[in-house]
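S.K.: Sequence and predicted model, in that order:
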Amino acid sequence: MLRLVGGVMAGFGGSCYALQAHAKTTYKPPTDVYVAPKEAGARKKGLKDYQMQEVRKHNGGSSIWVTFKDGVYDITDFVEAHPGGEKILLAAGSSIEPFWQIYQVHRESNITMDLLESMRVGNVCPEDRVQQLKEAATDPYANEPPRHPALEVLSMRPFNAEPPKYLLADSYYTPNDTFYVRNHLPVPSLNEEFKLGIIGGITNKDVTVDYLKKNFEHTTIPATIQCAGNRRKGMSGMRSVDGLMWDSTAISTATWTGVKLSDVLKHVGASSDLAQKKGIKHVVFEGADGGVDGNYGASISFERAMDGQADVLLAWEMNGQTLPRDHGFPLRVVVPGLVGARSVKWVKSITLSSDESQSIWQQKDYKNIGPSFLDRFSAAVAAKEAPPVREMPVQSAILKPEDDEKVKVEGGTVSASGYAWGGGGRGVQRVDITADGGMSWTQAELSQTQQGNTTDKYSKDGDNPLPRQWAWTLWQAEVPVPAAKDKFEVCAKAVNSANDTQPESPKGIWNLRGLLNNSWHCVNIERAK
């Protein structure tokens, strides 16, 4: 039973009640038949109006409410399932809109909007909504850098975009302005005078980029960086997934110049003896990109950070040029071979720690969960115990021809080209192409390799022909196609130096977040008349 303790609000003629109790709803993940209203957060007829003074009472414990636009939502039973963990409690009893000003990808997700509306309990009193709009005037994205117009944009706030396939195929090293962009928060405005804090060694130290340049040996490495969600769009063809719908170009390659993290850590007294004494197991990076619930962060193992052969860099140059703002100016971490999420941009602190980074991007997201978890609630529970994504699996994709393209068939073959990457520092042994569902295969020519695009120290190491293969391989092939067909599917798979290969289908690797799709990459093409 609801007990009214308020009255009619003047000026709008509507009834805005402050309610002391609410019939509690139980959270259930939306089903496939759930239909969201035309616009999430829009004023909804037939629901009670709530004053914000009442919403503020539901700020934790047994009752948690939030507002979005004109809507009031009881999220009590959803908190445990929230991918960002208890960070959502920062909005308890208030509007989530200031948070979504930072994480605007939420607004672009139908899954998020459907989920939110399934927890709707009422409308915000109109007078209080006017006041909210007045308070929400600040724009954290007002100082974003300019971007290349050819980039294919997946979200504007934060900015996320990938290059078109035809541009990615043009060169071994991806030009800085068409390198894929993965931002989680607004791009910070920094200069080279900012200081990096290094914490947890024998001594703590604050250093500038200039200090790093003057006091340590400079190293340049070729390395491919790939988003964990690369090819998520292909995985979504099997079953719905949650996240930005990256195609196959959320991956790019550059040369990176800076100093080895291992040298810098040794400079502040880090060693295996110190790690044993203090229980150090992880090196935690924090970026200067921040929001209302903290800064971006990630961590890697202490062993990897201290291994000079792992080539982990604090980098200030990309392809021989100063880092662009979108890619971490003035200083970023580059962890070759690992998922891009660990290569923290705009790095402002490095901490030697007994624990992993506690950021949501290490604890709640970029987790390797299995295909049995079909909704956000069960996936979030599984993510608590799942290991973080670290090394990436073998990957390949066809860049030319593109899907649904009409192509010339000459001599019974079509020309195809693309990239392959061994992941984790492993090289690419071969790339196989088929146009008849795997009944027959053509081995591609590895036309541009890391060995051919860098110095000998990355291409020769005793009896191991493929050490420290941080960068991709570009390939091309003339692929025989079925003579009797005008439409056919061309597929590629790679084999790395550990003899790992790509699964035929995403069926066995599907996961709700759409991460690590490395199934055969296929394009449908049509014979040009």
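M.R.: Yep, that arrived.
S.K.: where does the stretch 401-529 of the chain dip in pLDDT?
M.R.: 453-467 (pLDDT under 70).
S.K.: and with 50 instead?
M.R.: 455-466 (pLDDT under 50).
S.K.: Would you mind listing the residues in contact with the closest residue to residue 504 other than its chain neighbours?
M.R.: Leaving aside its sequence neighbours, residue 504 sits nearest to residue 520 (Cβ to Cβ, 6 or more residues apart in numbering; 5.4 Å). Where C-beta positions appear, they are placed from N, C-alpha and C, glycine not excepted. Contact analysis of residue 520 by Cβ atoms under 8 Å, 6 or more residues apart in numbering lists 491, 492, 493, 502, 503, 504, 505.
S.K.: C-terminal to the helix or strand hosting the second one, what's the next element?
M.R.: What that stands for is residue 492. Using DSSP states H and E, residue 492 maps to strand 487-496. Once the chain leaves strand 487-496, the next helix or strand it forms, by DSSP H and E, is strand 521-527.
S.K.: got the angle for that next one vs strand 487-496?
M.R.: 150 degrees (axes from the mean of the first three to the mean of the last three Cα atoms, to 10 degrees).
S.K.: when you give positions from now on, start the count at 17
M.R.: Done: numbering now begins at 17, and the last item shifts to strand 537-543.
S.K.: Show me what strand 537-543 pairs with in its sheet, parallel or antiparallel.
M.R.: strand 421-423 (parallel), strand 503-512 (antiparallel) (DSSP bridges).
S.K.: Most neighbours among the contacts of residue 536, which one is it?
M.R.: Highest neighbour count within those: residue 508, with 26 neighbours (other Cβ atoms under 10 Å).
S.K.: In this structure that one contacts residue 432, no?
M.R.: Yes: in this structure residue 508 lies within contact range of residue 432 using Cβ atoms under 8 Å: 7.4 Å.
S.K.: what distance separates stretch 68-78 from the middle of the whole chain?
M.R.: Relative to the mean C-alpha coordinate of its chain, stretch 68-78 is positioned 33 Å out (Cα atoms, centre = their mean, to the nearest Å).
S.K.: my bad, should have said stretch 372-384
M.R.: On Cα atoms, centre = their mean, the centre of stretch 372-384 falls 11 Å from that of its chain.
S.K.: Give me the residues contacting that stretch.
M.R.: Taking Cβ under 8 Å, 6+ apart as the rule, stretch 372-384 contacts 99-101, 103, 200, 244, 298, 300-302, 309-315, 355, 357, 396, 398-400, 402-405, 527, 529, 531-532.
S.K.: Same check on stretch 286-305?
M.R.: 199-204, 206, 210, 216-218, 277, 281, 311-318, 321-322, 349, 358, 360-373, 375.
S.K.: What about the residues you listed, which are in strands?
M.R.: With strands taken from DSSP state E, the overlap with these comprises 311-317, 349, 363-369.
S.K.: Which among those residues count as buried?
M.R.: Those of those that meet the buried threshold are 311-316, 349, 363-369, by 16 or more other Cβ atoms under 10 Å.
S.K.: Farthest pair within those residues?
M.R.: Using Cβ to Cβ, these reach their maximum pairwise distance at 312 and 368, which is 19.2 Å.
S.K.: What is the burial count for residue 182?
M.R.: 12.
S.K.: Quick check: it is in a strand.
M.R.: No: counting by DSSP: H, G, I helix; E, B strand; the rest coil, residue 182 is located in no strand; its state is helix.
S.K.: That one reaches residue 416, doesn't it?
M.R.: Yes: counting by Cβ under 8 Å, residue 182 touches residue 416, with 7.0 Å between them.
S.K.: got a pLDDT number for the closest residue to residue 205 other than its chain neighbours?
M.R.: Spatial nearest neighbour of residue 205, excluding adjacent residues (Cβ to Cβ, 6+ apart): residue 159 at 5.5 Å. Note on residue 159: pLDDT of 88.
S.K.: Pick out whichever of the buried ones among the ones in strands among the contacts of stretch 286-305 sits closest to residue 129.
M.R.: Within those, proximity to residue 129 (Cβ to Cβ) peaks at residue 312, which comes in at 24.4 Å.
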